[in-house]
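> Only the shape, not the letters, is given here:
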């Protein structure tokens, strides 16, 4: 009998800290990895998630990674990240990924005692090269779409115009003399963010101030803070996550005074039209709650006013009971392939 961790010339190795260099090097040269999958980023919250990340080899060559964690009988990819899913090499074809998914199911069911997989996909805008082989595999394995979060994305090169309201607020901000600065003064921005989230959404940021400062020092080229100033006072700002072709807004906040003065309008005019014109996508992030079943219409109205339009962040659930008993059920015989 073939061991659960090896099949079809593929084998799975569970990640350990000794493989950090190999892992990070693969992410850096993959066709869809971002710095969120670097171990220094993933491991900052290792105390909150029981890591069970996996490495997939075919013929001795590393062809895929899967960042994951376990909780009870469920495997998540990954519970602590904005998006997850297979990180793939350029050698990972549709058949290889289908094989990898099948082997993953066998491994989790037989070795880890897992009953289901909750799989967060990587939105296509973060791909350096087409990488949706996993979506096909999910379909073939009868996975169920359980969350669909709508994000708002601008293509700076296209220059879709701001709405009339946003242009009016931008004019107000300029008349008030608001200025945008880029620095590392998270201490000045974080109270604005925390108060904003507590008042408007009854929650706190996912990252603590200490965690964000630490991450920004580990990834100074990828994490940037922008603040909007009224004199010396911080009246708004955002934290940007920068990956290959995407400038992503991780956090946005303004004070009541900042909202009245158009702080975010002057901020995003500056970022979209001056700073990140070389990025293919400017991602404002999601505007939903409850896995996408509640749309925050006020929030998405604001983002769409800056020209943002829809890109999905999807999550699938796969019951391992539904996985075919044989991989051959998923493909044509070899002699049927052209």
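Good, I have the coordinates. These numbers were taken from a predicted model, which means no experiment stands behind them.

> just the strands in the stretch 1-150 of the chain please.
In the stretch 1-150 of the chain, the segments counted as strands under DSSP state E, counting those that start in this stretch are 6-7, 10-14, 50-51, 54-58, 61-66, 69-71, 74-77, 86-88, 116-120, 144-154.

> Just give me the neighbour total for the closest residue to residue 41 other than its chain neighbours.
Computed as CB to CB, 6 or more residues apart in numbering, the closest residue to residue 41 that is not its neighbour in sequence is residue 35, at 6.0 Å. Bear in mind the C-beta positions are built from the backbone N, C-alpha and C, glycine included. The number of residues packed near residue 35 is 20, by other CB atoms under 10 Å.

> OK, contacts around residue 35?
Contacts for residue 35 (CB atoms under 8 Å, 6 or more residues apart in numbering) come out as 27, 41, 219, 222, 241, 243.

> Now tabulate those residues in CSV and tack on pLDDT, neighbour count and distance to residue 284.
Listed next are the contacts of residue 35 as CSV, based on pLDDT from 0 to 100; neighbours: other CB atoms under 10 Å; distance: CB to CB, whole Å:
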residue, pLDDT, neighbour count, distance to residue 284
27, 98, 21, 25
41, 96, 22, 21
219, 98, 17, 20
222, 98, 18, 18
241, 98, 22, 12
243, 96, 18, 15
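
> quick check, nearest of the residues you listed to residue 180?
Closest approach to residue 180 among the contacts of residue 35 (CB to CB): residue 241, at 17.8 Å.

> remind me which residues of the protein are low pLDDT?
Within the chain, the ranges that satisfy pLDDT under 70 run 1-8, 112, 325-338.

> Could you report the distance from residue 166 to residue 36?
Plainly put, residue 166 is 29 Å away from residue 36 if you go by CB to CB, to the nearest Å.

> circling back to that earlier point, closest to residue 322 among the contacts of residue 35?
For those, the closest approach to residue 322 (CB to CB) belongs to residue 27, at 30.5 Å.

> mind checking how far that closest one is from residue 41?
Residue 27 is 10 Å from residue 41, where distance means CB to CB.

> just residue 123 next, same as before
When CB to CB is the yardstick, residue 123 and residue 41 sit 18 Å from each other.

> now swap in residue 217 and tell me
According to CB to CB, residue 217 and residue 41 sit 12 Å apart.

> repeat for residue 133
Residue 133 sits 24 Å away from residue 41 when distances are taken as CB to CB.

> swap in residue 231?
Using CB to CB, residue 231 is found at 35 Å from residue 41.

> Residue 203 too?
With distances defined as CB to CB, the gap from residue 203 to residue 41 amounts to 22 Å.

> same thing with residue 323?
In this structure, residue 323 and residue 41 are separated by 31 Å, where distance is defined by CB to CB.

> Please apply the same query to residue 276.
Here the distance between residue 276 and residue 41 works out to 21 Å (CB to CB).

> what number of residues lie near residue 201?
One way to gauge burial is a neighbour count; for residue 201, by other CB under 10 Å, it gives 11.

> Next: residue 25.
11.

> Likewise for residue 228?
Residues near residue 228, counting by other CB under 10 Å: 28.

> tell me the SS of it?
Reduced to three states with DSSP: H, G, I helix; E, B strand; the rest coil, the structure at residue 228 is strand.

> Now for it: which residues touch it?
By CB under 8 Å, 6+ apart, the contact list for residue 228 reads 173, 178-180, 234-237, 254, 258, 263-264, 266-267.

> now those: which count as buried?
Applying 16 or more other CB atoms under 10 Å to those, the neighbour count classes 173, 178, 180, 234-237, 254, 258, 263-264, 266-267 as buried.

> end-to-end on stretch 135-144?
The straight-line separation of the ends of stretch 135-144 (CA to CA, to the nearest Å) is 11 Å.

> Quick one: the helices in this protein, in order.
Using DSSP state H, the helices assigned to the chain run over residues 20-29, 39-42, 94-110, 133-140, 164-175, 186-201, 209-218, 256-261, 263-270, 297-305.

> So for the fifth one, what gets flagged as buried?
Spelled out, it's helix 164-175. Counting neighbours by 16+ other CB under 10 Å, one finds that the buried residues in helix 164-175 are 166, 169-170, 172-173.

> Output those in JSON lines; the columns should cover distance to residue 73.
JSON lines is the format used below for the buried residues of helix 164-175 (distance: CB to CB, whole Å):
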{"residue": "166", "distance to residue 73": "47"}
{"residue": "169", "distance to residue 73": "49"}
{"residue": "170", "distance to residue 73": "51"}
{"residue": "172", "distance to residue 73": "54"}
{"residue": "173", "distance to residue 73": "51"}
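
> Of these, which is the nearest to residue 290?
Distance from residue 290 was checked for each of the buried residues of helix 164-175 by CB to CB. The minimum falls on residue 166, at 27.6 Å.

> from memory that closest one sits against residue 306, does it?
Yes: proximity of residue 166 to residue 306 meets the contact threshold set by CB atoms under 8 Å, at 6.0 Å.
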